[in-house]
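Trainee: just the structure for this:
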Amino acid sequence: MTNKKAFYYRPKTNQSNSAALRWTFVILGWLFFVLGIIGVVLPVMPTAPFILLAAGCWARSSRRFHFWLINHKYFGKFVRDWESSHAVPLYAKCLAVIMMAASTAMLFYRLPEDLVWIAWLVAVVCTGVAIYLFRLPNAQ
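Mentor: As a prediction, this is how the structure comes out:
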């Protein structure tokens, strides 16, 4: 008796016809994937946007890498949920907002008085990102 792992099959990717463009997307996909892995280890770098960028690049360049990523043990469900319905898990939304709030609060605390405008700019951008995140559907 064999235990076969169930795979998610994506029927078609939107691959580019240009070989140079495909290679560019493959290289960018690997760059974004490595940055996403670094983001797993470092709390100051986000993981999810880089993994989604890698998936988007590989969907336009390499069926093999895209198939590998959507079937990945840790990132696969997240990428499949995003590709199917632009859904993000509620815990990921909450964690993102908490991290953005902590980072912004640290900016207000650490920046000198004459550079506090940078902290306000970051606060506005983070508020926009939080509103966007919570308008997305929740993944199951």
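Trainee: quick one: average confidence on stretch 125-138?
Mentor: Across stretch 125-138, pLDDT averages out at 92.
Trainee: gap between it and the chain center?
Mentor: 14 Å (C-alpha atoms, centre = their mean, to the nearest Å).
Trainee: before we move on, what about stretch 94-110?
Mentor: Distance, centroid of stretch 94-110 to centroid of chain: 19 Å (C-alpha atoms, centre = their mean).
Trainee: what residues sit buried inside it?
Mentor: The neighbour-count check on stretch 94-110 (16 or more other C-beta atoms under 10 Å) flags Ala96, Val97, Met100, Thr104, Leu107 as buried. In short, each C-beta sits where N, CA and C put it, glycine included.
Trainee: also stretch 133-140?
Mentor: Quick answer for stretch 133-140 (16+ other C-beta under 10 Å): Ala139.
Trainee: contacts for that stretch?
Mentor: The contact list for stretch 133-140, computed with C-beta atoms under 8 Å, 6 or more residues apart in numbering, reads Lys77, Phe78, Asp81, Ser85, His86, Ala87, Val88, Pro89, Leu90, Lys93, Ala96, Val97.
Trainee: contacting residues around the lengthiest helix in the chain?
Mentor: Using DSSP state H, we find that the single longest helix of the chain is helix 19-41. Outside helix 19-41, the residues within contact range by C-beta under 8 Å, 6+ apart are 15-16, 45-51, 53-55, 57-58, 60-62, 65, 69, 75.
Trainee: go again with 7 Å.
Mentor: If you take C-beta atoms under 7 Å, 6 or more residues apart in numbering as the criterion, helix 19-41 is touched by 15-16, 45-47, 50-51, 53-54, 57-58, 60-62, 65.
Trainee: report the angle between the helix or strand following that helix and helix 19-41.
Mentor: Elements were assigned by DSSP states H and E; along the chain past helix 19-41, the next helix or strand is helix 48-59. Orientation check (axes from the mean of the first three to the mean of the last three C-alpha atoms, to 10 degrees): helix 48-59 against helix 19-41 gives 160 degrees.
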